[in-house]
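In: Structure, please.
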Amino acid sequence: MKVFYLFLIILIITACKTERLKPPIDYSFKDENIPIQESWNSRVIFSDSGKIKAILNAGHIQVFPQRNETLLDDGLKVDFFDMNEVKTTTLTSKRGRVDDLTSDLYAIDSVVVFSDSVTIFTELIKWKNDERKIVSDKFVTILSPTEKIQGYGFESDQSLKNYVIFNITYVTRRDTAQ
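Out: Residues are numbered from 1 along each chain as shown. Model (predicted):
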């Protein structure tokens, strides 16, 4: 029995004197993959000189200042307003991204842009903040009261009054009686 106690004491003493091991550090973690700010079911109002320019609604917003971008998902809706604060256009998509350096908005996946007379369908649209223009190099479908136009490459003012399709693939007249 004395041998057992002696062995136990030696084991305890040697265990206490052993150097502690430091756990390994994982240096592969990058903090740029974590947003510094998040919000859910948010509404952001953009104004200039006290006048509303746009209202953005998003289900989830994540801000990444290290990457100079803000990610928008879980549904995106932007209402654009003219100089008289009258709503001219609405843009919807499943998700989006804002370039924080230029304030350009990229609407991605199931994009629909509509005004009172024109509707545009595509998969990706860029809203250029400095020019107040909507552009895309993807396939677009434009429906107006009188025609349906499809093609690749698109540019318009944000009110959809003056638009151009660069590579038209299909045009047809629409029945205005519908």
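In: just so I have it, where are all the helices in the protein?
Out: Remark: helices assigned in the chain by DSSP state H are 2-17.
In: Now for it, the helix or strand with the poorest mean pLDDT.
Out: helix 2-17 (a mean of 69; mean pLDDT, DSSP states H and E).
In: since we're on Asn73, how many residues are nearby?
Out: Check again: residue 73 is Asp, not Asn. 17 (other C-beta atoms under 10 Å). Quick note: C-beta positions are derived from backbone N, CA and C, even for glycine.
In: Likewise for Leu143?
Out: For Leu143, using other C-beta under 10 Å, the count is 16.
In: Quickly list what the residue lying closest to it once chain neighbours are set aside is bridged to.
Out: The shortest distance from Leu143 to any non-neighbouring residue, by C-beta to C-beta, 6 or more residues apart in numbering, is to Thr119 (4.7 Å). Applying DSSP bridges to Thr119 yields these beta-bridge partners: Phe114, Leu143.
In: Quick check, pLDDT for Thr119.
Out: For Thr119, the model assigns a pLDDT of 96.
In: who touches it in this structure?
Out: Taking C-beta atoms under 8 Å, 6 or more residues apart in numbering as the contact definition, Thr119 lies against 112-113, 142-143.
In: what pLDDT does Gln158 get?
Out: Note for Gln158: predicted pLDDT of 89.
In: Touching, it and Trp127? I think so.
Out: Yes - with contacts counted by C-beta atoms under 8 Å, Gln158 reaches Trp127, the gap being 6.9 Å.
In: where do the contact lists of those two overlap?
Out: By C-beta under 8 Å, 6+ apart, Gln158 and Trp127 have these common neighbours: 133-134.
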